[in-house]
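In: Got a sequence here, can you model it:
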Amino acid sequence: MKICIISHDFYPRIGGIAAYVFNLSKTLVKMGHEVLVISIRRNLSLPFIERIEGMVVIRFLVPDINKVRGVFFILQAVPFLFFLSLAKKFDVIHWHNMLPDTVVASFGLSRKKVFTNHSAGFLYFFEKNPRNKFYS
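Out: Residues are numbered from 1 along each chain as shown. Alright, predicted model coming up:
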């Protein structure tokens, strides 16, 4: 199976999302899947593309400024994922952050799409809109 994982929080950063995505990707490779991870790099010390424990990791260079970082990631990753997914035919696109990863993932072509929410920001978004009735 060909799996594309999108997470702007990824190794070598330390934290819950980065660790989860890294370990999930390693496990999928061990199970025999082809895994591509799309992420960011905040400085030139990390390469644009590398292979880590069997997975291919693509990191787009973005400025280390909170609100600007996501925009730069979207502008680079959207066309990359769209055109790559035309040729690669991903079975699954799996993303891990509501923004900016959802925007990037929406332009990828695959048979299945999976979103894993790791923060409460997703819930706050739905609580603000009275039309969303997930709970009472």
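
In: from here on, contacts and neighbour counts on C-alpha atoms
Out: OK.

In: Look up how far residue 117 lies from the closest residue in space to residue 1 that isn't next to it in sequence.
Out: Nearest residue to residue 1, sequence neighbours excluded (C-alpha to C-alpha, 6 or more residues apart in numbering): residue 33, at 5.0 Å. Distance, residue 33 to residue 117, using C-alpha to C-alpha, to the nearest Å: 22 Å.

In: now do residue 52
Out: For residue 52 relative to residue 117 (C-alpha to C-alpha), the value is 24 Å.

In: which intervals of the protein have sub-threshold pLDDT?
Out: For the chain, applying pLDDT under 70 flags the ranges 121-126, 130-136.

In: Now with 50, please.
Out: Applying pLDDT under 50 to the chain flags the ranges 136.

In: Where is the longest helix in it?
Out: helix 66-88 (DSSP state H).

In: ok, then the element right after that one?
Out: strand 90-95 (DSSP states H and E).

In: can you list contacts of the longest helix of the chain?
Out: With C-alpha atoms under 8 Å, 6 or more residues apart in numbering as the test, helix 66-88 has contacts from 2, 38, 40, 60-63, 99-101, 103-105, 107-110.

In: Could you confirm residue 103 falls within a helix?
Out: Yes - assessed with DSSP: H, G, I helix; E, B strand; the rest coil, residue 103 lies in a helix.

In: contacting residues for it?
Out: Shown in contact with residue 103 (C-alpha under 8 Å, 6+ apart): 74, 78.

In: Check the one 5 residues further on too.
Out: The neighbourhood of residue 108, defined by C-alpha under 8 Å, 6+ apart, consists of 78, 81-82, 85, 93.

In: How much space separates it from residue 17?
Out: 21 Å.

In: Please apply the same query to residue 56.
Out: Note on residue 56: its distance to residue 17, by C-alpha to C-alpha, is 18 Å.
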